[in-house]
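*Asks:* give me a model of this one.
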Amino acid sequence: MKGRRRLPSFPSWLGRQRRRQRGLWLLLALLLLLSLLGWVSGLWGSAGEHQAVRLLPRSAPPLAAAASEPAASAPRLPAQAMASAPHKSTLMPDQDRAAGAVPGLEPRDEHLYEQTGPGRQAVCGLGYADARWLNADVPKPWDQSRQDEVKQLRDQLLLLLRRSAEPADPVAAALLERPLWDVGLSADTSSNLAASLVLNSRNAAAYGMAYRACASWPGAQCTKLSAKRWTELDEQSLSAWLYLLGEAFRSNDQALMLEALYRLSLPQLQGDSGTPLYGRAQPWLAAARSQALASGVLRNEELALVAEASLQLHIIGLDFAMLGNWMGALNRVCASQALADSNRQQLCQAVARNLLDKGRSLMDMAQGLALAERAGLAAQAMPLQRADYLALQALIGADSETQAELGESCEGYRRLTQRLVGIGRQGEWAYWRAELARQRGMPGALASP
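*Replies:* Sure, this is the predicted structure:
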């Protein structure tokens, strides 16, 4: 155990990656605050002065005493039991730890234990640790192995997606080959490969996914894709017409913007979940997890649970990075001065109704409400009232606090995974809408408080 270096913690490593493209991350963090990952914000801490996002759950406040015997009498886990997968680092000797102690936490208890005890909290798959240490933004000896396990699970998932007969699945695999936790805007091979896979495709799901990626990460092949082609493949896609509006705005094509706006006002449009990449990956995650366990890549179910939850968050993070710029275009074409024209006002009101009727994300609802109010849509004609939207946001905030209290326990990861699966299946707005109705004892539609 002596002489081995301590690798940087997962949050610190992640922070360095994201600080390289801080401008994007500030935008993404704002979007996530308004959407699914806003709910998970209680799980995330800050790393350094740049407020880097941490994808592994923080630990909860210290546990109450759960064992009758003193903590010191609980046996410490032997080195080989500190993780079920090999670690590239171990705890440093006590005298070395003391040199790097955090103010207010000296001496810092960095041991893992087999049993719970006063002030200890579960670390899924590993044992129990001092809760103060888990809360502190300091390196943990299992950080590198957690990263490795997520990558190994992702590799199993990529194999399944590449072999799938569904045209959109290999496109998802191409996008998931991006470096883990990288949501930067720079051109890279992932969007380039995704675009090349759909150049001659007639599959709207595959083409739309590649186009979303190209709108954020413009690879060389991306110039051959267009939102217009996407709308030809799926004329009823709300997302396709929103992206076409953004494309027309970028090229200053007034006629195309007006055409897109008109199409967006039609009632027959259908929305999507807003998380197409996760939608392609989620059905394969269980099989990828089973293969990783069967091959010994992941040593037990608990480590597989942690890896799966972390990978799910990564995939949804990529989905939220692929937003395009349709929001700015919509706000411009339906700006207050444009609404002075009665025909434009009616179109913008209809678009707002469509977003509120067909949208499936919290971002859709936020944009729809803002547009409806700006365009003067009567309250009785609005499919969603602001009071209900705010009630749902409050529910998400309360849920994030509950999630944070579970810390790095297996129950916390299990609960997170169940939430993400439900949101991926229903769309985040429908999921939280149903959850709010359930808590109010109303199985049907939302009602304002």
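
*Asks:* okay, buried residues for the host helix or strand of Ala437 please.
*Replies:* Following DSSP states H and E, the helix or strand that holds Ala437 is helix 428-439. Neighbour-count burial for helix 428-439, with 16 or more other Cβ atoms under 10 Å as criterion, is recorded at Glu428, Trp429, Tyr431, Trp432, Arg433, Ala434, Glu435, Leu436, Ala437. Just so you know, the C-beta spots here come from the backbone N, C-alpha and C atoms, and that holds for glycine as well.

*Asks:* which of those residues sits closest to Pro267?
*Replies:* Trp429 (18.4 Å; Cβ to Cβ).

*Asks:* and the residue nearest to the closest one when sequence neighbours are not counted, what is it in contact with?
*Replies:* Leaving aside its sequence neighbours, Trp429 sits nearest to Arg360 (Cβ to Cβ, 6 or more residues apart in numbering; 5.3 Å). Going by Cβ atoms under 8 Å, 6 or more residues apart in numbering, Arg360 touches Gly271, Asp272, Ser273, Gly274, Gly427, Glu428, Trp429, Ala430.

*Asks:* are we agreed that Arg360 is in a strand?
*Replies:* No - residue state for Arg360 (DSSP: H, G, I helix; E, B strand; the rest coil) corresponds to coil; a strand is not indicated.

*Asks:* just the mean pLDDT for the helix holding Ala437, thanks.
*Replies:* Summarised as a single mean, pLDDT over helix 428-439 is 88.

*Asks:* that one packs against which elements?
*Replies:* helix 362-374, helix 386-405, helix 410-426 (3 or more Cβ pairs under 8 Å, 6 or more residues apart in numbering; DSSP states H and E).

*Asks:* which other helices and strands does the longest one contact?
*Replies:* Contact here means 3+ Cβ pairs under 8 Å, 6+ apart; on that basis helix 386-405 packs against helix 36-39, helix 362-374, helix 410-426, helix 428-439.

*Asks:* for the ones you listed, give me CSV that also has distance to Ala173.
*Replies:* As requested, these are exported to CSV (distance: least, Cβ to Cβ, whole Å):
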stretch, distance to Ala173
helix 36-39, 23
helix 362-374, 26
helix 410-426, 17
helix 428-439, 24
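
*Asks:* would you single out the least confident of the ones you listed?
*Replies:* Among those, helix 36-39 carries the lowest mean pLDDT (a mean of 36).

*Asks:* just for the stretch 101-250 of the chain, where's the confidence low?
*Replies:* 101-108, 185-187 (pLDDT under 70).

*Asks:* all helices of it, in order?
*Replies:* Ranges of helices in the stretch 101-250 of the chain, per DSSP state H, counting those that start in this stretch, are 131-135, 143-163, 168-176, 189-197, 204-216, 227-233, 238-251.

*Asks:* helices or strands up against the second one?
*Replies:* Read it as helix 143-163. helix 10-19, helix 168-176, helix 276-294, helix 301-321.

*Asks:* in it, what counts as buried?
*Replies:* For helix 143-163, by 16+ other Cβ under 10 Å, it's 143-150, 152-154, 156-158, 160-161.

*Asks:* out of the helices and strands packed on helix 386-405, which is the most enclosed?
*Replies:* Neighbour counts (mean count of other Cβ atoms under 10 Å) averaged over each of the helices and strands packed on helix 386-405 peak at helix 36-39, with a mean of 24.

*Asks:* quick check: of the contacts of Arg360, which lies closest to Leu293?
*Replies:* Ser273 (28.1 Å).

*Asks:* for Ser145, see how far away Leu298 is.
*Replies:* From Leu298 over to Ser145 the distance is 11 Å, taken as Cβ to Cβ, to the nearest Å.

*Asks:* same question but for Ser196, I mixed them up
*Replies:* From Ser196 across to Ser145, the span is 35 Å (Cβ to Cβ).

*Asks:* do the same with Ala304
*Replies:* With Cβ to Cβ as the criterion, Ala304 and Ser145 are 13 Å apart.

*Asks:* is it true that Asp319 touches Asp272?
*Replies:* No - assessed by Cβ atoms under 8 Å, Asp319 is found out of contact with Asp272, at 10.8 Å.

*Asks:* tell me which of those two has more neighbours.
*Replies:* Taking neighbours as other Cβ atoms under 10 Å, Asp319 and Asp272 compare with Asp319 leading, 24 against 20.

*Asks:* looking at that one now. What's its pLDDT?
*Replies:* pLDDT, Asp319: 90.

*Asks:* ok, and the closest non-adjacent residue to it?
*Replies:* Thr275 is the one closest to Asp319 (Cβ to Cβ, 6+ apart), at 4.2 Å.

*Asks:* follow-up on the earlier one: of the helices and strands packed on helix 143-163, which approaches Cys222 most closely?
*Replies:* helix 168-176 (12.4 Å).

*Asks:* and for Tyr211, the neighbour number?
*Replies:* 26.

*Asks:* and it, how far from Ala204?
*Replies:* Distance from Tyr211 to Ala204, by Cβ to Cβ: 10 Å.

*Asks:* any idea how far stretch 325-336 is from the chain center?
*Replies:* 25 Å (Cα atoms, centre = their mean, to the nearest Å).
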